[in-house]
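K.L.:
Got a predicted structure plus its sequence, pasted below:
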Amino acid sequence: MTYSGLTRRGFLASTAAVGALGLLPYNTRIAKAAAGGTLRLRFDGDNDVLDPGYMTGGIEIETQKQCLPFLAQYTRSEDSFGWEPTYFVTRLEQRDPTHIDFELADGLVWTNGYGPVKASDVKYSYERMKGTDWSGYFDALDHVEVTGDRSGTIVLDKPFAPFIMITLCHGPGAVLSEQAMKDAGGKFTTEFPAICGPYLYEQTPGQRAMFTPNPDWSGPKPAFDTVQANIITEVKAAELAFEAGELDCTEVGADTLARYTKKMPEGAGITVAGELQYMWLGMNTEHPKLKDQKVRRAIQHAVDVDSILVGAYSGTTAKSYGIICPGLIGQRNRTKYYSYDPAKARALLDEAGVSGLSLTLRTLNNQERMLAAQIVQANLGAVGISVKVLPLDSGPFWEMGQEKKGETWKDLELWLMRFGTTPDPYEATQWFVSSQVGVWNWERWTSEEFDRLYDEGITETDEAKRAAIYVRMQEIMEETGAYVWINHEPEAFVHSTDVVVNAAPSGELNYRRFEKA
Amino acid sequence: MLLYLTKRLGLSVVVICAVVLVLFSLLHLIPGDPATIALGPRATPEAITRYAAKMHLDEPIWRQFLIYIGNVVIGDLGVDVFSDRLVTRIIGERIGFTLTLVAAGMGWAMLLGIPLGCLAAVQPNTWLDRITGVLSVGTIAVPSFLVSIWALLIFAVQLRWLPAIGAGEPGDLADQAVHLILPAFAIGLSWVGYLARMVRASMLEVMGETYIRAARAFGLAPRRVIFGYALRVAILPTITLIGMGFGGLISSTVFAEIIFARPGIGKLIFDSVMARNFPVVQGAVLVATALYIAIVLLSDLLIARLDPRVRESL
């Protein structure tokens, strides 16, 4: 009985042919990608709004940095972050605490026929920001004075020490073409009205963004002719794509970082951009169960932070001693009022006359936080405090301490919290001043000294004095007993050893400053 | 037939209305303020006000529902809350990739599964039948996301034969086809098993029918008996299964689309849920549901067209 005309020889021949077809095109493709000047990266989603005034941040800032002028950019020395003028300016100087002079470089031209980049563009861009979603970064801006075609002065209405670091170096500091913006109706989403930078930008939604050479660019040529940013939502998928040789650089998660630290893939390296996230165990100082400072101090002594770093974060994060992150002015390297000491914790609870204490620990329902919460639960259990872990989705989690969002803040006892920040200590401290009680200061303590130091820290330009201010502010926070500092998570990137990565401390990559090793 | 079609279309409209209601409720059932959830904890009051106005959240719920229904009826699925792009346009950009992937996945599963089922049925209780049975159960049991990861690790990471991510160079059909191989393999593998089992069972039943024995007795060639007579009848329940599978795959491609970083409707829904981009979630789910209903309806109509017994019973 014959069911088909396929012979054994025919089957083998066609299988071999199909196999050969499968092999040929792909190997060629890899070879082309490796030989060309294309840098292949990951975007975690589509760019939605590239307008600096209404962007979300992240990859939108990365895109702006390739296509729009900035006056300042981040630098990194061994253990601290700083700034320097970009190629776009020949001069950027802080004349006094409220005046920053700038002079734009000659020969900078906008695309789409919008002519040279002018000081009036800087004025338009920065003064416009005061009425946008990112206006907070320009609170201190009074106006920009245009003194010449390419020169001007940024005038602040009060001294604001972090202005260059958090505003001019960061996404909100992008300069737009005034005329192009007016022609575009004053706002834009995914297409730049005019570009001035080494790359042009084109996005294929859901697939990738391409950065191709800008023919009007007269500045330094970037190391890579083109940049291909593939849309890969999941960090795990991006890690696999890197291992498959289809990406030159991508962010990695904590578990992969731990794996790579033990055994790095051949030809790969790790670059840590910064550790600008701070996580802590918070306590509500107004809750009846936690009103006694001795009880809070007992909890501080009972939590073994080192176990959390190993158990929940595989040893890939830096131990925290406060809200000021590594590399920033005022970072501490030890705690002042507590250390891991369960015996002392028990003694303090006895002193406070507390026994059989049961508390609820609220946390976001992601893997690391849940693991951290379970370790805290075990630590507190060991000193006689029973803890119920309550995992929450992001919606209710971020509202639970806010008075305007309901009554949950009254029931808050313990929670695991993580904030991100910019490369200046001012931003991390702003959430804990008295006016933030019931907004972001969920621990609900107030301190006149803290509020005064906050104001001083903003205006103080002497780095040593600023450092002392922020160290003291963290001591005040710790003294309340409402905080157990946990860690600073890194923004880590795995990359081919052929590539030298350039990233802002908060993790945004800057492709035009990448280099070939 | 016309009455049947009218009934089915009416039922489809009811299902779509129910889905619209659930999708609308979704926004209000999630704990927390929809604007804060969508825009993040540190959104400015101005941004929250703008979002609320754009989504009509400042209106009473019954009015919001009427506005939503009215817009859906005229094909207006709203705008992406972040980029202000039309949801219909965003879905239009992605749906082609999903349909291509589903067609490729189901296509290769049919090409392999149906002949395998036939072979197993015409040689029952032989080594071929037993191997087919084991393979079928094996492929059905392994979830597609696991197949996706294994396929990616083996063929892209380890052997580097096939690409790991993306949908290929726009405009380059050969490159797009190469990028389709692994995801299509991953989503189609379990369907090879389903189809082989289904075809085998149907074929065994049909092969015992009198008219097949008569055809054999007349001395017709075995191939003609199998493919010309038996399979034509045995394939009918399989068409229903393929129709439902095709519809179901539209939304269940999400794992393959995420793992292989391919654009598509499943990934769009996933990304939009993660970003709390409610208009896109609502629009994409609605379109996926409508497609599912349309495909199942088409498969039912196809069966009615192919099978006179079904046609006459309508």
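P.N.:
Arrived safely. Residues are numbered from 1 along each chain as shown, chains lettered A, B, ... in the order given.
K.L.:
Enumerate the residues of the stretch 1-150 of chain B near chain A.
P.N.:
Within the stretch 1-150 of chain B, the positions lying close to chain A (Cβ under 8 Å from any Cβ of the partner chain) are B:30-33, B:36-37, B:40-41, B:43-44, B:46-47, B:80, B:82-85, B:90, B:93-94, B:97, B:119, B:122. Using the backbone N, CA and C atoms, a C-beta is placed for each residue, glycine as well.
K.L.:
Those residues in helices, which ones?
P.N.:
Assignment to helices by DSSP state H places the following of these there: B:36-37, B:46-47, B:90, B:93-94, B:97, B:119, B:122.
K.L.:
Give me the buried entries from these.
P.N.:
By the neighbour-count criterion of 16 or more other Cβ atoms under 10 Å in any protein chain shown, these include these buried positions: B:36-37, B:47, B:90, B:93-94, B:97, B:119, B:122.
K.L.:
ok, which pair from these is furthest apart?
P.N.:
Across these, the longest distance by Cβ to Cβ is 66.5 Å; it joins B:A47 and B:V122.
K.L.:
ok, then the element right after the worst-scoring helix or strand of chain A on mean pLDDT?
P.N.:
The helix or strand of chain A with the lowest confidence, counting by mean pLDDT, DSSP states H and E, is helix A:8-35 at a mean of 42. Remark: after helix A:8-35, the chain's next helix or strand is strand A:38-43, criterion DSSP states H and E.
K.L.:
Over to stretch A:355-366 now: how far is its first residue from its last?
P.N.:
Stretch A:355-366 stretches 31 Å from its first residue to its last (Cα to Cα, to the nearest Å).
K.L.:
nope, stretch A:415-434 is what I was after
P.N.:
20 Å.
K.L.:
Could you check it against chain B for contacts?
P.N.:
No. Stretch A:415-434 does not reach chain B (Cβ under 8 Å from any Cβ); its nearest approach is 9.4 Å.
K.L.:
Counting neighbours, show which residues of that stretch come out buried.
P.N.:
By 16+ other Cβ under 10 Å, the buried positions in stretch A:415-434 come out as A:415-433.
K.L.:
Tell me, how many residues neighbour B:A141?
P.N.:
For B:A141, the count of nearby residues is 10 (other Cβ atoms under 10 Å in any protein chain shown).
K.L.:
So it versus B:I258, what's the distance?
P.N.:
Per Cβ to Cβ, to the nearest Å, B:A141 is found 22 Å from B:I258.
K.L.:
now B:A109
P.N.:
21 Å.
K.L.:
Neighbour count: the two, which is higher?
P.N.:
Higher neighbour count among B:A109 and B:I258: B:A109, with 26 against 21, using other Cβ under 10 Å.
K.L.:
any idea which helix or strand carries that one?
P.N.:
Assessed by DSSP H and E, B:A109 sits inside helix B:87-122.
K.L.:
same for that helix, what does it pack against?
P.N.:
Contact here means 3 or more Cβ pairs under 8 Å, 6 or more residues apart in numbering or on different chains; DSSP states H and E; on that basis helix B:87-122 packs against helix B:127-141, helix B:173-207, helix B:231-252, helix B:254-259, helix B:265-274, helix B:278-306.
K.L.:
how about that helix: buried residues?
P.N.:
Neighbour-count burial for helix B:87-122 flags B:87, B:90-91, B:93-95, B:97-102, B:104-106, B:108-110, B:112-122 (criterion: 16+ other Cβ under 10 Å).
K.L.:
Next: stretch B:273-291.
P.N.:
Quick answer for stretch B:273-291 (16+ other Cβ under 10 Å): B:275-289, B:291.
K.L.:
Okay, now the unreliable bits of the chain?
P.N.:
Defaulting to chain A. Within chain A, the segments meeting pLDDT under 70 span A:1-36.
K.L.:
Switch to chain B, please.
P.N.:
Ranges of chain B meeting pLDDT under 70: B:27, B:31-32, B:41-42, B:311-314.
K.L.:
For the ones in helices among the residues of the stretch 1-150 of chain B next to chain A, name the two members farthest from one another.
P.N.:
Spanning the widest gap among these are B:E46 and B:V122, at 71.6 Å by Cβ to Cβ.
K.L.:
how many other residues sit next to the residue of the stretch 351-500 of chain A found nearest chain B?
P.N.:
Evaluated by Cβ to the nearest Cβ, the stretch 351-500 of chain A has A:G395 as its residue closest to chain B, separated by 3.1 Å. Close neighbours of A:G395, defined as other Cβ under 10 Å, add up to 18.
K.L.:
Am I right that it is in a helix?
P.N.:
Yes. Under DSSP: H, G, I helix; E, B strand; the rest coil, A:G395 falls within a helix.
K.L.:
Count the residues that sit near A:L414.
P.N.:
Quick note: A:L414 (other Cβ under 10 Å) scores 29 neighbours.
K.L.:
B:P163 too?
P.N.:
Other residues within reach of B:P163, judged by other Cβ under 10 Å, total 26.
K.L.:
my read: it touches B:V178, true?
P.N.:
Yes. The criterion here is Cβ atoms under 8 Å, and B:P163 meets it with B:V178 at 6.3 Å.
K.L.:
For the stretch 151-300 of chain B, which residues are neighbours of chain A?
P.N.:
Counting by Cβ under 8 Å from any Cβ, the residues of the stretch 151-300 of chain B that sit close to chain A are B:152-153, B:156-157, B:160-167, B:170, B:174-175, B:178, B:181, B:222-223, B:226, B:258-261, B:263-264, B:267-268, B:270-271, B:274-276.
K.L.:
Now which of the residues you listed would you call buried?
P.N.:
Taking 16+ other Cβ under 10 Å as the criterion, what is buried in those is B:152, B:156-157, B:160-167, B:175, B:178, B:181, B:226, B:258-261, B:263-264, B:267-268, B:270-271, B:275-276.
K.L.:
Tell me which residues touch A:A343, please.
P.N.:
Counting by Cβ atoms under 8 Å, 6 or more residues apart in numbering or on different chains, A:A343 touches no other residue.
K.L.:
Provide the secondary structure category for it.
P.N.:
helix.
K.L.:
again with A:F224
P.N.:
Here A:F224 is recorded as coil under three-state DSSP.
K.L.:
Just give the nearest non-adjacent residue to it, would you?
P.N.:
A:L39 (4.0 Å; Cβ to Cβ, 6 or more residues apart in numbering or on different chains).
K.L.:
and stretch A:374-388, which residues are buried?
P.N.:
For stretch A:374-388, burial by neighbour count (16+ other Cβ under 10 Å) applies to A:374-377, A:379-380, A:383-385, A:387.
K.L.:
Pull the residues that contact it.
P.N.:
Contacts for stretch A:374-388 (Cβ under 8 Å, 6+ apart): A:281, A:298-299, A:302-304, A:307-308, A:311-312, A:342, A:345-346, A:349, A:355-361, A:389, A:414, A:416.
K.L.:
Report the distance from it to the chain centre.
P.N.:
Offset of stretch A:374-388 from its chain centre (Cα atoms, centre = their mean, to the nearest Å): 31 Å.
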